[in-house]
Structures are given as C-alpha cells and as structure tokens.
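*Asks:* need a 3D model of the sequence below.
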Amino acid sequence: MAMDGKSGANAPLSEAELQDLVAATDTGARKPLGYAAWVISGVALCWSLFQLYIASPLPFMLSSATGIPLVFNDTQTRSIHLAFGIFLAYMAYPAFSRSPRDRVPLLDWILALTAAGAALYIFIFYRDLARRPGLPITQDLIVAGVGIVLLLEATRRALGPPLAVVALVFLAYVFFGSSTWLPDIIRWGGASFGRAMDQMWLSTGGVFGVPLGVSTAFVFLFVLFGSMLDRAGAGNFFIKLAFALLGHLRGGPAKAAVLSSMMTGLISGSSIANVVTTGTFTIPLMKRVGFSAEKAGSVEVASSVNGQIMPPVMGAAAFLMVEYIGIPYIEVIKHAFLPAVVSYIALLYLVHLEAVRGDMPVLPKRVHSTGFQSLLRAGIVMASIVILAGVVYYLISLIRMIIPGVSGPVLIALLLLAYVGLIYYAAKAPDLELDDPTAPVVELPLVKDVIKTGLHYLLPLFVLVWFLMVERRSPGLSAFYAVLLLIVVVLTQKPLKALFRGIHSHGQVAAFREGFEDLVVGLIAGARNMIGIACATAAAGIIVGTVTLTGIGQVMAEFVEFLSGGNIFLILVFTAIISLILGMGLPTTANYIVVSSLMAPVIVEVGAANGVLIPLIAAHMFVFYFGIMADVTPPVGLASFAAAAVSGGDPMRTGFVAFFYSLRTVLLPFIFVFNTDLLLINVSVLQGIWIFVLATISMLIFAAATQGFFMARNRIWETLALLLVTFLLLRPGFFLDFIQPPYQTVEAGSIEASIAELPDGAPIRVHISGPTFDNPDVVRERIMSFDVGAASAGGLARFETSTGLTIRQEGDVVVLDEPMDLNSLAGRTLSDLDFYADKPVVVKAVEVPSKRLPREIFYIPALLLFALVVWAQRRRGGTWAGNPQAA
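*Replies:* Down below sits the predicted model:
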C-alpha cells in the first residue's frame, strides 16, 4: 500500500499558485499596483453596495420621504449591473496569457469605459428607447453593435473562448440563416442588422433578458452571501467540523472531503473554488491514508461539483428555473433537495468502499468511543436540532400572535441577543486554525471543541431559510436580510470576542478594524466572483434572443424527434451529450441557459407528442445535471484540472476517475425523468420519507455495483445483479408495463364517459391523426399525453381544460378543432397539421390508465436478488463493514 499516495508525475502547486488558479477562473488574474488596484476594488465595492441598495426596502423609503423617484425598474438595474460586470471584466482579466498582470494597459481602460458606457446606454436613454420600440435610430444601432462586440470579448476574457464562440455561431445564424448552404430544416428568413440589434441589445429579448435579470435580482446576493460567510470564517469551520465528525473513520479524510464540500456547496456557486478551498487540506490527508493522487483528487472533484446541485444556490440555476418554469423558488428547492442529498450519501458510501477495498488505515482519534455510543450521540444531536427548530418556530409564532404590532423589533432584538450569546460561548474556546495536512502527526479536532466556535455562523443561514421557506419572501429579499446579518457578524465578532476575553480597549479597536477590513474585502470579493456570471448570463442572452427571434426551438424539436424516431430515451441521450459538449467550456450557469433554452422544451414537447408526460422541472433538472458534469469530464474538466494541481496527479486520469465516481449523478437524471417521485412531485410527507429511504438504499447498492465491492469483492454476476436491483427499486414500473399495459384504449365516442370516471390528475393519451400542410394526402398521427383536471368537472370539460383541445362529435367521428392558443403545448405539437383541409383532424382514440397490480410488486424480486448477493458474499467471508481479503 502506497502510504505517500504519489502516483502522479506532476508536483502539487503551492498555495500561492492555487490561489492564482482560482483567481484566474473566478475573480480575475490581474493584480495591478497603484491607482488601478484602487479603481478595481472601488468599483467592485460600489457594485456590491448598489446590489444591496436595490435589494433592500431603502429605495421605496427614500422615494416616499424625498418625493424623488429613486426606485429603478428591472431594465435599468440590469443595465447598471452589466456595466459594473463588463467594466471589471476588462480591468481584472488580461486579454492574453502574455498580457501584463501588474498593470492595466491603456487599451483596456478604453475598452472598459466604452463597454460600460454601452451597457449604461439602456439606463441613460431608457425613456427614449421606450418611446420608439422596434424603431432604433443610427445612434442606437452603433451603441448596440459596439456593445455586442465588447460583451463577447469580455466573455472570452472572463470565461474563455467557448461561450463567446457559441454566441457568435448563434449571431451568425441570425444574419445568415437564409443562406442556401444551410439545410432546409433549419433555414429561416434572416434578419437585418437593425432588427437583430433591437432584439439583442435594445430590448429585453436578448442581452438584457431573463438570464441577466436573474443575475441582477438574485444571483449576486447569494454569491455575496457565500463570499461574506467564507470571509467570516465559516468555510474553515465547515472543514474542521467535517473532520471532527468523520475524520477518524476508515477513509475519514475522503468522507470529510465529501461532507465539507457539501456544506461549502450550500453557499458556493463555484466548483473550482470549492475544490481548491477544501482540497488543499483534504487531498494531502487522503493521500496519506492510501488514496492515490488521482483518486484523492477525484473524490474532491466529485464532491465539489455536486455542491452545485445542492440547494439553495445550485450554481445560480435555481433562480433561472424560477423564471423559466414559472414556479416558486421554494418549489425548485423541494424538487432539487432529495436527489442532491441522496447523491452525497451515495458518494460517502462509495469512498467508504474504496477505503475498505484498499484496507486503508484510520487517523488517530483523541477520544475513543464504541460504535453504539457514536450512533447514540449522533441520534441525540439530530433529535436536539429537530426539537430546537420546532421550539424556535413556535416561539416566533407565539410572539407574533401576542404582540403583532411590535413583533418585528422584538424578534430582531432576540436574534441579536442570541448572536451575542453564541459569540460569548465561542470566545471561551480558541479560534479555529487549519492544521498543516503535511505535518507528521495530524490531530483530529473534537466535535464539541469545533462546534462551539462557529454556531453563530448558522444564524445567517437560519435567517435565509426562514425567510425563504416560512415567510415565503423572494430569494433576493431573503438573501438581503441574511447578508445584512452577516455584515453585523463580520463587523462585530472579533471585537465582541476580544471584549469577552478581557482584552484591553486598544485590542478591541484593532479587532474592530480587522472586522471592518474583512467586511470590505468580503464585499469586494463577492463582486469579483460575479464578473464571470454577469458576462455569462449576458452572453447567454444572445442565444436566448436568437431562439426567440428565429424560432429555432421548434425546428430543434422536429429535428430531434426525427433523429430519435420519437424514442424518449434517445432524446434524453442526445440532450445529455449536447449538455456535456457545450459544458466542456461553459460555466454551469451559461451551459444551463443555453441547453435549457434549446433542449428542455424539446424533451417535454417530443415526449408529450409521443405519449410520455414529462414535467418541465424534470426536463430542466436533467439538462442542469449533465451541464455540471462538464466540470468533471476530460478534456476540459476545469474542476479535475484544479484537483490535479492540488494533488500532483495526472489531470486526465483524475477527470476519468472523477467521472466514474460521479456515475450516480449520471444515473439520477434518467431515473427522475421516468420516476418523478424522486423530485417529490405530488407526494405527501410520508411518501416523501419512504421515497428518500428507497432512493438512498438504491444508490448505495448502485455504488457497490460500480465499485465492484460490497461485503466482499464482487464477482461479475453479483455486479450485474446489484445493477438490476438498483433498476428495480428506482424504476419498478418498467417490467410491469410488459406484463400489464399501463393504458387501455377507449373508442373516441366514449371519451366523455371514460374521462368522467378518472381520479384527479390522472394521465391520458390522445391519439390524433390528420392531413399535413405539406401534403394533404399524407396523414400524420400523434399520441399526446396530458393530465386531466379535477373530477368535479364533467368529462368533456375535463378533457378540453386539460388538453387545450376542442372536440365535436360528427356521427361516429370525433373532430378536433384547431387549438386556440398556438403557443400552447398542443398548439406547437400539432402545428404541422392542416385543420382546414378536406380531411378533418380527428381524435381516433383515447388511452386511460388501466387497473393493474401495484408497481411495488417488483420490490419482492429485487429484495430476493439482493439477499442472494448478500448470502453469496457472506459465504466468502464478507461482512457489512467490508472484508478486503474476501475473494
């Protein structure tokens, strides 16, 4: 066993080099001296203060007090937001690798000011542009053209060439879409320069559209929240806590890496920063206990990248889903939570199996306890947290009921009192400092010593969750209040600790000065972390604008349906491949915007047109999951390269191993598209608990199958059996469909009576046939899926309300009228049918759910097969803890 873990030929980077790597990716590699540094820091600070201003109730209060309208509308705030971001992109990111890092060239000053001016043009001339919508003048077109070019260059600097190239391809399609060398299926009429610039820059249909609006209203504050929380010391607290909880177990450093990355992922939107922040400590310790450099880096990559699927931030995608799908933010969190948690639990088990298979040693624990004592202690802690949460909830409700008029100030006072009390408790212990992972002896901290030092960091998280989930406030306002409390924490925690530790007044002044510096640095860092996201969302707006202007989305639906032959599984595979390819050079946010704009509606529409009902949230989650996988997969997996830089391993091998470790993240999207219970759609609390338990067991079995090790080393048939067990547990209805068809066909004339008997929300499939516009003699058939409405309505009303289709009986034939809403699902799907030809468009039949055995019947063979594997491995000496010697 290689205790040093040195399997790579590369030397690990130093701490300074790693920070440069993160800066080059997230905040800008340029570190100028003199006045340029002050300008960059000053503009970044002003950006953070501006975002806090527009998120707060202050503009409304000032407007009421002064009579001067100080409230900006969405378009104006987006303009200012992009002006800050694009200015800092030119100032902080050098043009080329050989460009100077210690100064800002004159050309970059000119480009930065010009780009910011082009963005602010929308703010300055907002009223003039509103008076002439769609009628740009020459000045407008010049500014728009310059703005587009400079935005693409800023995007190239901040994010690399891929997104800029993709945006250029879409722009070229706008201008040259009518060219004869394009295939007929994607050819369109083309647009003039004026029409294109009006769409892309001068209206909210392109650059200043929904993606940039989400970046302005929500994403900035959550990124700032994460940056401030890390600056306050929460990142260090999470890492220490993870090692205190799990570091003593077999493969403990790897398990601690998973847990700390999950906690960091709660507040971080950058997988690369997550890798470097936690990996500098976890990767050397993983190598020490026996993980190779590549495996140590891969564990960190898999856990850090998965941080982006962890609510509430989710790499900014959660906020975009709110806008694209039109559901509340809390619903997005609910749908995303279970797959994320299950994925992390499976990763913990996977690294446990890796450690057992390698017979790795454990780090020494300062206080020894039996397994039962540890389990009992963990149970007591979890129960205490649940009880405390209940007490806090009912206490707040009671205060609001007793003193409704002054409950707000009272609750704020109680919150601040709790904060001071927790700081007093923390002051009794020394501040946390990260150990040196390369030291000869690493002493694991005790949980009780760690947790007392950072309980006050949980208060901002509590405020965020409270306003989001209980108060149901907007994400922006919730994050604002959380950041406001964080500002108090950063400013006062050091002076208060000094006071409680009996340090003299000079020391308290110095501590307050340190807190103020931390606050300013946190505000600046938060803004600099947003540069790439602002440029990405703005550039992605070009792609969204192209889809809207050209109608390429409908063409994509037809093209994908043609390639897949209507097979939904093939559609998902094509979408996954597109997401991976685009994501290889695009950040998560931009990749999600691009692929969701093109492919998510296609998945839903083609599925519905072929008899498979897929919720829109499932389609969006699908493309998002595969988008984040691009940070892992070679040859451009940026997180894998960052981990290799820490571990000294081979970047390509690290990427491949990390992808192998992330197979559960590849499996889950395919499962929850066909089994939406995993997204907690229309399930009760008890059903949700059962689904969580079942999904967790399934993913643990899947981890054992992919690792080739369960209670002992797997034989081939055991691995195949475990994979089959996983499939049966996650998709039990698959085999039942072969035994008993899920639908029974009802003749068209009996539609009303059959649908009237269905329960609420039951799925139906409608068989439609009719002549096409291209050739009236050609009859095309569609099988569309819908959910029927409430049972209180009559059968015909339920049908027409749920489908958006109007039918009438003509003898034995049920004739279908053209959908009133051509932009509805039915309108888009049936757009190629001619409703005014001699041959009518008719409903041939309707399929309604059939009565059959419960799908859970297949849990029985799954459990029997699982028991067979357990029996076979126990015969070879395997145990639940794992026996690496069992063959």
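*Asks:* which residues does residue 152 contact?
*Replies:* 164, 167, 168, 539 (C-beta atoms under 8 Å, 6 or more residues apart in numbering). C-beta here means a position set from N, CA and C on the backbone, and glycine is covered the same way.
*Asks:* the first one and residue 150 touch, don't they?
*Replies:* No - using C-beta atoms under 8 Å, residue 164 is not in contact with residue 150; the gap is 11.3 Å.
*Asks:* low-confidence ranges in the stretch 401-550 of the chain?
*Replies:* 434-443 (pLDDT under 70).
*Asks:* out of the contacts of residue 152, who has the most neighbours?
*Replies:* The residue in the contacts of residue 152 with the most neighbours, by other C-beta atoms under 10 Å, is residue 539 (30 neighbours).
*Asks:* from the contacts of residue 152, which two are the most distant?
*Replies:* Of all pairs drawn from the contacts of residue 152, the widest gap by C-beta to C-beta lies between 168 and 539 and measures 9.8 Å.
*Asks:* point out where the stretch 201-350 of the chain drops to low pLDDT.
*Replies:* The stretch 201-350 of the chain contains residues with pLDDT under 70 at 265-270, 312-316.
*Asks:* mind doing that once more with 80?
*Replies:* The model of the stretch 201-350 of the chain has pLDDT under 80 over residues 247-249, 251, 261-281, 306-308, 310-318.
*Asks:* before we move on, what about the stretch 601-750 of the chain?
*Replies:* Those would be 602, 605-606, 608-613, 627-642, 645, 747-750, if you go by pLDDT under 80 across the stretch 601-750 of the chain.
*Asks:* all strands of it, in order?
*Replies:* 743-747 (DSSP state E, counting those that start in this stretch).
*Asks:* all strands for the protein, in order.
*Replies:* For the chain, strands defined by DSSP state E occupy the ranges 743-747, 763-771, 779-787, 807-810, 813-816, 842-849.
*Asks:* closest one to residue 422 among those?
*Replies:* Closest among these, using C-beta to C-beta: strand 779-787, at 48.2 Å.
*Asks:* and that closest one, which residues are buried?
*Replies:* Buried residues in strand 779-787, defined by neighbour count with 16 or more other C-beta atoms under 10 Å: 780, 782, 783, 784, 785, 786.
*Asks:* ok, and the closest non-adjacent residue to the second one?
*Replies:* Ranked by C-beta to C-beta, 6 or more residues apart in numbering and with sequence neighbours excluded, the top spatial neighbour of residue 782 is residue 768, at 4.6 Å.
*Asks:* bridged to the one you found, which residues?
*Replies:* Under DSSP bridges, the beta-bridge partners of residue 768 are residue 782, residue 843.
*Asks:* which ones are touching it?
*Replies:* 781, 782, 783, 784, 816, 830, 833, 841, 842, 843, 844.
*Asks:* at 10 Å what do you get?
*Replies:* By C-beta atoms under 10 Å, 6 or more residues apart in numbering, the contact list for residue 768 reads 609, 780-784, 803, 805, 814, 816, 826, 829-830, 833, 841-845.
*Asks:* ditto for residue 601
*Replies:* Counting by C-beta under 10 Å, 6+ apart, residue 601 touches 324, 547, 553, 554, 556, 557, 616, 619, 620, 825, 828.
*Asks:* now do residue 318
*Replies:* Counted by C-beta under 10 Å, 6+ apart, residue 318 has contacts 214, 218-219, 222, 309, 311-312, 329, 332-333, 335-336, 475, 624.
*Asks:* ok, now residue 803?
*Replies:* Counting by C-beta under 10 Å, 6+ apart, residue 803 touches 764, 766, 768, 784-789, 816, 819, 824-826, 843, 846.
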